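>>> this one's structure only:
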């Protein structure tokens, strides 16, 4: 079901619709400095596509080591009854 600009459900004369002029809408640019879509994509995707920092791996390994205590505790609990 398509709705035309003149289809408002009430009776508006076509002459009146011809007199209506929309206000000018000045939009601010979303990306400044005349950047293109490729530049924006590279900036955003470059964040997640970078190599993982070394400090992150050390923190991850430490966290996994601490989390393994849960598994070791469960094994100890089951084995000792």
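Perfect, thanks for sending it. Keep in mind that what you see is a predicted model, and the values were worked out from it rather than measured.

>>> Do you know the pLDDT at the one residue sitting closest to the centre of the chain?
Taking Cα atoms, centre = their mean, the centroid of the chain lies closest to residue 44, which sits 10.4 Å from it. Turning to residue 44, the model gives it a pLDDT of 93.

>>> That one: what secondary structure?
Following DSSP: H, G, I helix; E, B strand; the rest coil, the label given to residue 44 is helix.

>>> That one and residue 38, how far apart?
Per Cβ to Cβ, to the nearest Å, residue 44 is found 11 Å from residue 38. Glycine gets a C-beta too; all of them are placed from N, C-alpha and C.

>>> what do you get for residue 61?
Distance of residue 61 to residue 38, computed by Cβ to Cβ: 37 Å.

>>> And for residue 29?
Distance from residue 29 to residue 38, counting by Cβ to Cβ: 16 Å.

>>> Neighbours of residue 79, how many?
Using other Cβ atoms under 10 Å, residue 79 has 7 other residues around it.

>>> what is the mean pLDDT for the longest helix along the chain?
Longest helix in the chain by number of residues, with DSSP state H as the criterion: helix 54-80. For helix 54-80, mean pLDDT is 96.

>>> Would you list the phi and psi of residue 38?
Here is the backbone geometry of residue 38 (degrees, to the nearest 10): phi -60, psi -40.

>>> Got the confidence number for it?
Residue 38 is given a pLDDT of 94.

>>> Any figure for the gap between it and residue 59?
Residue 38 is 34 Å from residue 59, where distance means Cβ to Cβ.

>>> Of the two, which one has the most company?
Higher neighbour count among residue 38 and residue 59: residue 59, with 11 against 8, using other Cβ under 10 Å.

>>> tell me the SS of residue 11?
Judged by three-state DSSP, the three-state class of residue 11 is coil.
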